[in-house]
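Undergrad: structure for this input, please:
(one chain, ligands or ions: 1)
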Amino acid sequence: MLDELRELYQEVILDHGKHPRNFHGLEDANHSAHGYNPMCGDTLFVYLKVDEEGIVRDCAFKGKGCAISMASASMMTEILKGKSVDEAKALFERFHAMCTSDDTPPHTGNLDPDDLERLEVLSGVREFPVRVKCATLAWHTMTAAMEGQEEVSTE
Ligand code: ZN
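TA: Numbering: from 1, shown residues only. Coordinates of the predicted model:
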């Protein structure tokens, strides 16, 4: 990766880590879950408001953890608004692949290239396997919430 790009990515992560977006509870959430990453101590709650059509109308999170877990949760809440439950799951699958493999298959389906580009920022964690769980914790928690599971651990 080019040094400038790496620096830019770091800035984005630090900015989201320091000033997380949608960092609050959600009173009218109809799905929520608690996620925990014992490897690092990251702990967070994800709140979702999904309408009858299966579209995420609102998304927020609370919790504490390392900059990567906070930045990932912050970016996820921004990306998920307006997405269908299926799109959200497809994005997670794709993001997980980006974080764990060097050669992700060319993007298929109807995922938004802008979203994938944003997620690319975090996929640098693949160089640090222990950090993959930090980056994916929010997404695991979001999936658990959608499936009605209240607790999820990366272990
Ligand atoms: Zn962490």
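
Undergrad: buried ones in the longest helix along the chain?
TA: Across the chain, the longest stretch assigned as helix under DSSP state H is helix 129-146. By neighbour count with 16 or more other CB atoms under 10 Å, helix 129-146 contains the buried residues 131-146. Every residue, glycine included, has its C-beta placed from N, CA and C.

Undergrad: how about that helix, does it get close to the ion?
TA: Yes: judged by CB under 5 Å from the ion, helix 129-146 and the ion are in contact via residue 134.

Undergrad: ok, what's across the strand from the nearest residue to residue 151 once chain neighbours are set aside?
TA: Spatial nearest neighbour of residue 151, chain neighbours left out: residue 34 (5.5 Å); criterion: CB to CB, 6 or more residues apart in numbering. On the basis of DSSP bridges, residue 34 is bridged to residue 45, residue 151.

Undergrad: oh, and call the first residue 699 from now on, that's how I've got it
TA: With the count now opening at 699, the last piece we talked about shows up as residue 732.

Undergrad: how about residue 732, what does it touch?
TA: 741-743, 839, 848-850 (CB atoms under 8 Å, 6 or more residues apart in numbering).

Undergrad: which other helices and strands does the helix or strand containing residue 795 contact?
TA: Residue 795 is part of helix 783-798, with elements assigned from DSSP states H and E. Here helix 783-798 touches helix 765-778, helix 811-818, helix 827-844, going by 3 or more CB pairs under 8 Å, 6 or more residues apart in numbering; DSSP states H and E.

Undergrad: which bits of the chain sit near the ion?
TA: Counting by CB under 5 Å from the ion, the chain sits next to the ion at 738, 740, 763-764, 767, 832.
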